[in-house]
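*Asks:* Need a 3D model of the sequence below.
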Amino acid sequence: MRNRYFIDRDSYEPAYAQLARILSMQIAEGVYRPGDQLPSEAQLVAQFGVSPMTVRRAINLLLSKGIVSTAQGKGTFVRGLAITEATFRLKEVGEEEAERTVRLLQATILPADDRVARKLSIPPGTRVIYLRRLVSRAEGPTMYHREYLIYDPYRPVVEAELQITSLEGLFKGNDGQGLRRGDLSIEAVTLTQEEAGLLEVPAGSPAFCLEHIFYDFSNRPIAWGWFICRADRFRLVTRIGPDMEE
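*Replies:* Coordinates of the predicted model:
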């Protein structure tokens, strides 16, 4: 039986990519298990008949995919699953955009109280824009959004916000140019009477609160708010471990 683990010299695939693929296959098949040390550079050079540079490029490719890790002076090791490094995707935010609508319930200018001022790093009493929105899909309301934005008389924020009709628009910035970054946190809550009425469920029902602070390209907070999400219409999705087929 022909050995599957070999470098095809006639292939258009670069030798380093072939070697990285071979090592990934061996890891996936259990030849090397989490915590195991891979053969040294010299051993891989001898085994596959490639140059040290080819081996280094292959290992760097595996490193970039999170399949292995290196320890200086010790070698290269197969990584295990790390739940602390999992990145969760907001299912409600990321898909079926065409089925969603965003309805503006309120837009007003008011003075920032102490909490709003602290979140936006502005003096108490500074004028801010307060917005309330309801996000719905075909089956009904899914999220109730409240937000405070820095008021700037030279930028038509209110007019731009009134034109937002998609959930995607809420994350792109009111001027259409995008936001530099955002801090998000999620916690379990129970719905107040007002929230429950808008989301069409009984008061006290379980929900998720997705709090956000958005920053501009000068790293200044420009918006703080939170989404109250119906628990039965909200999902977090992730994959743990590297994708061996990438």
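*Asks:* Identify the spatial nearest neighbour of residue 32, chain neighbours not counted.
*Replies:* Nearest residue to residue 32 in three dimensions, chain neighbours excluded: residue 78, at 5.0 Å (C-beta to C-beta, 6 or more residues apart in numbering). For glycine as for every other residue, the C-beta is placed from the backbone atoms N, C-alpha and C.
*Asks:* If the one you found is in a bridge, with which residues?
*Replies:* For residue 78, the beta-bridge partners are residue 68 (DSSP bridges).
*Asks:* Could you verify my assumption that it touches residue 28?
*Replies:* No. Using C-beta atoms under 8 Å, residue 78 is not in contact with residue 28, being 10.4 Å away.
*Asks:* Break this protein down into its domains, please.
*Replies:* Using automatic domain parsing, the domain ranges for the chain come out as 15-80, 89-236.
*Asks:* can you redo these as TSV with mean neighbour count and mean pLDDT?
*Replies:* Listed next are the domains of the chain as TSV, based on neighbours: other C-beta atoms under 10 Å; pLDDT from 0 to 100:
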stretch	mean neighbour count	mean pLDDT
domain 15-80	16	90
domain 89-236	15	80
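*Asks:* can you redo these as JSON lines with distance to residue 6?
*Replies:* Output for the domains of the chain, formatted as JSON lines (distance: least, C-beta to C-beta, whole Å):
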{"stretch": "domain 15-80", "distance to residue 6": "7"}
{"stretch": "domain 89-236", "distance to residue 6": "38"}
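*Asks:* To residue 9, which of those lies closest?
*Replies:* Between residue 9 and the domains of the chain, the tightest spacing by C-beta to C-beta is seen for domain 15-80, at 8.0 Å.
*Asks:* Name the SS class of the closest residue to residue 203 other than its chain neighbours, please.
*Replies:* Using C-beta to C-beta, 6+ apart and skipping the chain neighbours, the partner closest in space to residue 203 is residue 196 (4.2 Å). On the three-state scheme (DSSP: H, G, I helix; E, B strand; the rest coil), residue 196 is labelled helix.
*Asks:* For the chain, which segments are assigned as strands?
*Replies:* Listed in chain order, the strands found in the chain under DSSP state E are 68-71, 75-78, 89-90, 101-111, 127-137, 140-150, 181-190, 206-215, 221-230, 236-237.
*Asks:* Distance to residue 10 added to those strands, as CSV?
*Replies:* Output for the strands of the chain, formatted as CSV (distance: least, C-beta to C-beta, whole Å):
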stretch, distance to residue 10
strand 68-71, 28
strand 75-78, 28
strand 89-90, 40
strand 101-111, 56
strand 127-137, 53
strand 140-150, 55
strand 181-190, 47
strand 206-215, 52
strand 221-230, 55
strand 236-237, 41
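*Asks:* for these, which one sits closest to residue 43?
*Replies:* Here strand 75-78 is closest among these (C-beta to C-beta), at 10.2 Å.
*Asks:* tell me what the closest one is packed against?
*Replies:* strand 68-71 (3 or more C-beta pairs under 8 Å, 6 or more residues apart in numbering; DSSP states H and E).
*Asks:* next one: stretch 67-83 to chain centre, how far?
*Replies:* In terms of C-alpha atoms, centre = their mean, to the nearest Å, the centre of stretch 67-83 is set 24 Å apart from its chain centre.
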